[in-house]
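[1] A predicted structure for the sequence below; I have some questions about it.
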Amino acid sequence: MRDEVKAAVEAILFMRGERVGTDELVEILDVPMPELRDIMRELIAEYFQPGRGLQIVPVDDGYLMCTKKEYSDILARAARPIRRRLSQAALETLALIAYRQPITRAEIEKIRGVKVDRVINNLLERGLIEEVGVKDTVGKPILYGTTAEFLRLYGLTSLKDLPPLEE
């Protein structure tokens, strides 16, 4: 039974290609949370063994299947993805959102001193930020926060891994 659950977890994580929450895995697999956590610890250890190109990483109370960092050079040669770099404005806006989330567009514009409509739309399209709610003030402005894709792209397991801000 345990091996079947492990295989099912592998299949789910592989198929999704993005973070899958622990609660969702419990629901899909119909396995108690403590048992799932034990199984995930075993799977993570199994994938940690040398000679494996993949790993399972805990991310924000969920899990993600991804490649190991030591194979990044080989993967770069194999895939040759077209990388569109983020502009300085996009990086500054993304940093503001990451450190101050949830934050509104107006709050970002007040800090940066410029309009950020286009930058916000770009970050939304790339899946680095998302709408996380509305602020309980006049006009109900949209609140933005970072996504699991942001964490994955920057190699973070949670927002607690962000480097500390300098004073």
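    Yep, it's here.

[2] residues contacting Leu54?
    Contact analysis of Leu54 by Cβ atoms under 8 Å, 6 or more residues apart in numbering lists 47, 65-68. From N, CA and C alone the C-beta is placed, and that goes for glycine too.

[3] Just among these, which is most surrounded?
    Among the contacts of Leu54, the one with the most neighbours (other Cβ atoms under 10 Å) is Met65, at 22 neighbours.

[4] Flag the shaky bits of the protein, pLDDT-wise.
    Within the chain, the stretches with pLDDT under 70 are 80-84, 167.

[5] okay, now Asp136: neighbour count?
    For Asp136, the neighbour count with other Cβ under 10 Å is 8.

[6] ok, and the closest non-adjacent residue to the residue positioned nearest the centre of the chain?
    Closest to where the C-alpha atoms of the chain average out (Cα atoms, centre = their mean) is Ala148, at 1.9 Å. If you skip the residues right next to it in sequence, Ala148 has Arg19 as its closest partner in space, 4.0 Å away by Cβ to Cβ, 6 or more residues apart in numbering.

[7] Please enumerate the helices of this protein.
    2-16, 22-29, 33-48, 72-79, 88-100, 105-112, 117-125, 148-153 (DSSP state H).

[8] Now do the contacts for Gly21.
    61-62.

[9] on that earlier part again, distance of the residue nearest to the centre of the chain from Arg16?
    Using Cβ to Cβ, to the nearest Å, Ala148 is found at 11 Å from Arg16.

[10] next one: Ala7
    Here the criterion is Cβ to Cβ. By it, Ala7 lies 15 Å from Arg16.

[11] Over to Leu96?
    Applying Cβ to Cβ to Leu96 and Arg16 gives a distance of 29 Å.

[12] just Tyr71 next, same as before
    To Arg16, Tyr71 is 20 Å away according to Cβ to Cβ.

[13] Val57: which of the contacts of Leu54 is nearest?
    Minimum distance to Val57 across the contacts of Leu54 is 6.1 Å, recorded for Cys66 (Cβ to Cβ).

[14] That closest one: what's it in contact with?
    Per Cβ under 8 Å, 6+ apart, neighbours of Cys66: 54-55, 57, 152.

[15] now swap in Pro58 and tell me
    Counting by Cβ under 8 Å, 6+ apart, Pro58 touches 40, 44, 157.
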